[in-house]
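Trainee: Kindly generate the corresponding structure for this input.
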Amino acid sequence: MSQQIPSLQSLRMFEVLARYGNCTHAAQELCLTPSAVSKQLQSLEDTLGVVLFIRGQQGLTLNSAGQLYLSYIKPVMAKLAEAGERVVEHHTHSQDLHLRCLPSLADRWLLPRISDYTDAHPDHRIHIDPSALRDENLQITYDLYIRFGRRPWPGFVANYLCGRQLIIVASPAMLQRQGEVRAPEDLLRFSLFEHSWLARGWPQVFQDLGLSLGRAPSIVRWDYYSVIIRSACLGHGLSMVPKCFVTEELARGDLVQLLGYSQTYDSGYHLLVPMERMEDPSIARFRKWLLSRRGEGED
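Mentor: Numbers count the residues shown, from 1 in each chain. Down below sits the predicted model:
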């Protein structure tokens, strides 16, 4: 059966009256007369077809029906108040963007560059949420994403940013202690590190360099490029990493690229924008800047 929905004013009156149990006190908070509060309560009960209060000499007390109704009304009223706050917040920060990306990409590539954008657009804040999840279902809860993989991503416009070029790096101090890498065979004297997402990292190296292996070498795989790069800097072994992630270490001499070798991986980091948000001015402005930096740190 269709039920008439009470007015928001009636619900607000009911919540306040339940708190005070007194029409006079409720009227003061609502800026009404006690008579008006009493009439609104009667109208609400008539609309519902249920008595909500026990009338007594000491005032009004919720009966079981009133307590049940209040338990449903309070979350609704809280949600309505939250909706108003969110609208005000959205209006105040309408140009803010929320970007979700992988921690390594944020640390090794995005953060060293993003100040160029924020300095040029001080009114446009970019909130970065780093997440290590790769295979999550992409729900349009962020304005933009940067994900690792290859296209397509249904519902999104995807553009390549960086990460396809992989190189082998090592600490110069380690090479001085343990011997230089002058030929492909020298790679096998060291511990080898790569990212766990690479399907054919080091095996592709061996194939490209024509190495014939008597037995498969031990390869250590980790989930974070920050750990893999740090291991190389500390001289624990040789690391296969995206070249764009180690530009600072190569420039400082903390790491060196070995054998001039690089390979182009079939996956990389892509900027994803929901299709229905492509015309958003704030997104379009940031996307244009970000795509102007794609491929930086790669040959």
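Trainee: From now on I want contacts and neighbour counts done on CA atoms only, so please keep to that.
Mentor: Will do.
Trainee: hey, where'd the helices end up in the stretch 101-250 of the chain?
Mentor: Along the stretch 101-250 of the chain, counting by DSSP state H, counting those that start in this stretch, helices occupy 103-105, 111-120, 172-178, 202-208, 225-233, 247-252.
Trainee: Pull out the buried positions in stretch 69-80.
Mentor: By 16 or more other Cα atoms under 10 Å, the buried positions in stretch 69-80 come out as Tyr69, Leu70, Ile73.
Trainee: Let me know how buried Arg200 is, in neighbour terms.
Mentor: Using other Cα atoms under 10 Å, Arg200 has 10 neighbouring residues.
Trainee: For it, give its distance to Val181.
Mentor: Computed as Cα to Cα, to the nearest Å, the Arg200 to Val181 distance reads 22 Å.
Trainee: Mind checking which residue lies nearest the centre of this structure?
Mentor: Centroid-nearest residue in the chain: Arg100, 2.9 Å away (criterion: Cα atoms, centre = their mean).
Trainee: Surely that one is in a strand?
Mentor: Yes. Looking at Arg100 with DSSP: H, G, I helix; E, B strand; the rest coil, it is inside a strand.
Trainee: That one touches Phe148, doesn't it?
Mentor: No. Contact criterion Cα atoms under 8 Å: Arg100 and Phe148 do not qualify, at 11.8 Å.
Trainee: I'd like to know how far the residue nearest to the centre of the chain sits from Gln42.
Mentor: Going from Arg100 to Gln42 by Cα to Cα gives 51 Å.
Trainee: in stretch 204-213, what counts as buried?
Mentor: For stretch 204-213, the buried set under the neighbour-count rule, 16+ other Cα under 10 Å, comprises Val205, Phe206.
Trainee: and Leu272, helix, strand or coil?
Mentor: Per three-state DSSP, the secondary structure class of Leu272 is strand.
Trainee: partner residues bridging it?
Mentor: Tyr145, Ala158 (DSSP bridges).
Trainee: who's in contact with it?
Mentor: Counting by Cα atoms under 8 Å, 6 or more residues apart in numbering, Leu272 touches Leu144, Tyr145, Ile146, Arg147, Phe156, Val157, Ala158, Asn159.
Trainee: do that again at 6 Å, thanks
Mentor: Leu272 makes contact with Leu144, Tyr145, Ile146, Phe156, Val157, Ala158, according to Cα atoms under 6 Å, 6 or more residues apart in numbering.
Trainee: now swap in Leu60 and tell me
Mentor: Gly21, Phe53, Ile54.
Trainee: Now Leu80. Its backbone dihedrals?
Mentor: Taking degrees, to the nearest 10, you get phi -60, psi -40 for the backbone angles of Leu80.
Trainee: do you know how far it is from Leu8?
Mentor: Distance check for Leu80 against Leu8: by Cα to Cα, it reads 10 Å.
Trainee: now Leu30: how far from Glu15?
Mentor: Per Cα to Cα, Leu30 is found 11 Å from Glu15.
Trainee: same check, this time on Gly56
Mentor: Remark: distance between Gly56 and Glu15 (Cα to Cα) = 19 Å.
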